Structure formats: structure tokens, C-alpha cells
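In: next come a sequence and a model predicted from it.
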Amino acid sequence: MSQFSVTDAERQVADLLPIQADPELALSVLDAVPFWFHTFALNRAEGIYTPGAARDHRYRVSALPADFGGLSVLDVGTFDGFYAFLAERSGAGRVVAVDNEQYRLWVAARWGIELEGGEGFRAIHGLVGSSVEYRRLDEQFDFVFCFGILHRVEDPLGLLRVLRERTAPAGTVLVETYGIRPEDRDGKEIRASEPGEVYACDDYVYWGFGQAGIARLARDAGFERTEALDEVDVDGHPRVLARLIA
Ligand SMILES: C[S@@+](CC[C@H](N)C(=O)[O-])C[C@H]1O[C@@H](n2cnc3c(N)ncnc32)[C@H](O)[C@@H]1O
């Protein structure tokens, strides 16, 4: 039995990608994957959803392109791949998902679950008959998801530099990352967190960002401009959303 309940908020986002798997198959996939990060609607009619650990992504949805038609898309730090599969379902021409599987370390530390890596991604990939590619590449993309990762890399400027190289002229990187609580702000636009401070037993959240901090890093990484989109509190955690234009 998973420790994560599926709330209406998670269902609403998952329902953007209805999978409609046969109920027996849906239940076997549900059981076969030891940990889910994303909530997927395996079978809406039967109420079969994966119990994703990620909470309430509704605030992200309005920032997604209304139409992915024909775009090439890179999802960096894809984990179970919800956004990569959503882009594919929404008409993207080609979708590549990358992940260094760092999550194996913090899932083991926080929840005591040992993962091989890629279990959830492969399960959904098979269920939906996806063509999303899970590998490293050397090319440019029109649209890049950089969701939930900037605060988890040791060198966020380095990551943005790499993404700038991978973004086509006038292309977009949509960044979503950990913010800074008002009481911790104290004039800071980038804040270093203590190991385990943000999530107990998770030493892989290194940073929190304000919009100006993201814009500063983006400028140094060579982006043309940054649009601040949103700052929200989700489940007691500050999150920020910004669009970087190459
Ligand atoms: C919190 S999860 C976010 C998953 C998804 N992008 C989302 O926001 O819904 C962060 C993901 O980034 C991955 N990650 C961390 N550092 C990475 C790196 N240097 N390269 C690729 N993936 C990385 C982790 O393994 C994990 O899957």
C-alpha cells in the first residue's frame, strides 16, 4: 500500500493524459513499479491512478504551450516522464527525455525504496506505446522542460549553459524550481539550503531561487530574456516558474 494518496489536484493533472489501459493490466503495472513520482491516470473509469509522490502540479499547466504540434521537445530530469508523454500526446513531433537517475539516491534515503532506475518511465512508455526516447543527445530543441531540477544540481548555472546550447534560436526553456520562503528571503535571490533542510533525509536540494536569481543565471548562461511566470506555495513549499527565451 503506497503512502501517497491521490487527491483531486493530482487527478486533475493526470487526467490531461488519460491512458485508458485495460483494468487488469493497469493494476499489474501499478503493483510492478515500486515507487511513482508522477500521478498517471491508468484507467479513469475504474479510478486507477498511480500514487505519485509529486504534489499538486496544477500551477504548471497554464504555462504549457497550448499546442505542441510539430515541436521537438526535451524533458530534462524526466523521472517517470509525465511531461514528456503529455507533450507527445499533445502533438510534439519528437520528444526526448533525459534523467541521470539521481532520484534513486533520494528515493532510497527518503522512502527506503531501492529503484533500478526508469521503472515508472518504462511502464508508462509500454502502456501508451510511446516513441519518447530516453537517452543523451547532441542536438537543439524548440522547447525544453526544466521542471523540478535546477535546485537539485550542484551547478545550476552550468545546467542552464548546457540547456542554452541545446535550445534552438528563439526556443524556450520552461523552468520550474524551488523558491525561497519569505522568511528566508532577506534580500537573497539565490539561497543555499542545508542538507536535509527542505525534505528530511534528502540531501539533494541545494538551492532555492527568486525570479531575479533565475533571470540572472539565465542571462549569464546566454539566454536573450527571462519572463517571470509565477511564484506559488505548494504543500508548504515555495515554487517558482519562469520562461527563458534563447
Ligand atoms: C524532482 S524530480 C522532477 C521530475 C519532473 N521533471 C517534474 O518536475 O515533474 C528531479 C529529476 O531530475 C533528475 N536529475 C537531477 N539531476 C540531474 C542531472 N544532472 N541530469 C539529468 N537529470 C537530473 C532526478 O533524477 C529526478 O528525476
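Out: That came through fine. Numbers count the residues shown, from 1 in each chain.

In: got the residues of the protein near the ligand?
Out: 37, 54, 76-79, 98-103, 147-149, 152-153 (Cβ under 6 Å from any ligand atom). For every residue, glycine as well, the C-beta is placed using N, CA and C.

In: among the residues you listed, the buried ones, what's the PyMOL command?
Out: To isolate the buried subset of the residues of the chain next to the ligand in PyMOL, counting by 16 or more other Cβ atoms under 10 Å, use the following:
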select buried, resi 37+54+76+77+78+79+98+99+103+147+148+149+152+153
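
In: for the chain, what spans make up the helices?
Out: 8-14, 23-32, 58-61, 82-89, 103-111, 119-128, 156-166, 182-185, 211-220 (DSSP state H).

In: with mean pLDDT added, can I get those in CSV?
Out: Converted to CSV, the helices of the chain look like this (pLDDT from 0 to 100):
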stretch, mean pLDDT
helix 8-14, 97
helix 23-32, 96
helix 58-61, 97
helix 82-89, 98
helix 103-111, 96
helix 119-128, 97
helix 156-166, 95
helix 182-185, 94
helix 211-220, 98
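
In: sketch out the low-pLDDT regions of the chain for me.
Out: The model of the chain has pLDDT under 70 over residues 1-3, 136-139.

In: centroid residue for it?
Out: F147 (3.8 Å; Cα atoms, centre = their mean).

In: partners of that residue in the sheet?
Out: Taking DSSP bridges as the rule, F147 bridges to E176.

In: equivalent analysis for R239, please.
Out: Counting by DSSP bridges, the residues bridging with R239 are Y178, V232.

In: and the contacts of stretch 214-227?
Out: By Cβ atoms under 8 Å, 6 or more residues apart in numbering, the residues outside stretch 214-227 that reach it are 150, 156-157, 160-161, 163-164, 173, 175, 177, 189-190, 209, 211, 228, 240, 242-246.

In: list the buried residues for it?
Out: Across stretch 214-227, burial judged by 16+ other Cβ under 10 Å covers I214, A215, R216, L217, A218, A221, F223, T226.

In: go on, stretch 134-149?
Out: For stretch 134-149, a neighbour-count test (16+ other Cβ under 10 Å) marks Y134, Q140, F141, D142, F143, V144, F145, C146, F147, G148, I149 as buried.

In: okay, it in PDB with CA atoms only?
Out: Provided in PDB are the C-alpha atoms of stretch 134-149 (Å, rounded to 0.1, in the frame of the first residue of the first chain):
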ATOM      1  CA  TYR A 134      15.200   8.100 -23.200                       C
ATOM      2  CA  ARG A 135      18.800   9.000 -23.900                       C
ATOM      3  CA  ARG A 136      21.500  11.600 -24.200                       C
ATOM      4  CA  LEU A 137      21.900  13.500 -27.400                       C
ATOM      5  CA  ASP A 138      23.700  16.300 -29.100                       C
ATOM      6  CA  GLU A 139      21.100  18.500 -30.800                       C
ATOM      7  CA  GLN A 140      18.900  21.500 -30.300                       C
ATOM      8  CA  PHE A 141      15.300  21.600 -29.300                       C
ATOM      9  CA  ASP A 142      12.500  24.200 -29.700                       C
ATOM     10  CA  PHE A 143      11.000  23.600 -26.300                       C
ATOM     11  CA  VAL A 144      12.700  22.300 -23.100                       C
ATOM     12  CA  PHE A 145      11.100  21.400 -19.900                       C
ATOM     13  CA  CYS A 146      13.400  22.100 -16.900                       C
ATOM     14  CA  PHE A 147      10.900  21.100 -14.200                       C
ATOM     15  CA  GLY A 148      12.000  20.300 -10.600                       C
ATOM     16  CA  ILE A 149      15.700  20.000 -11.300                       C
END
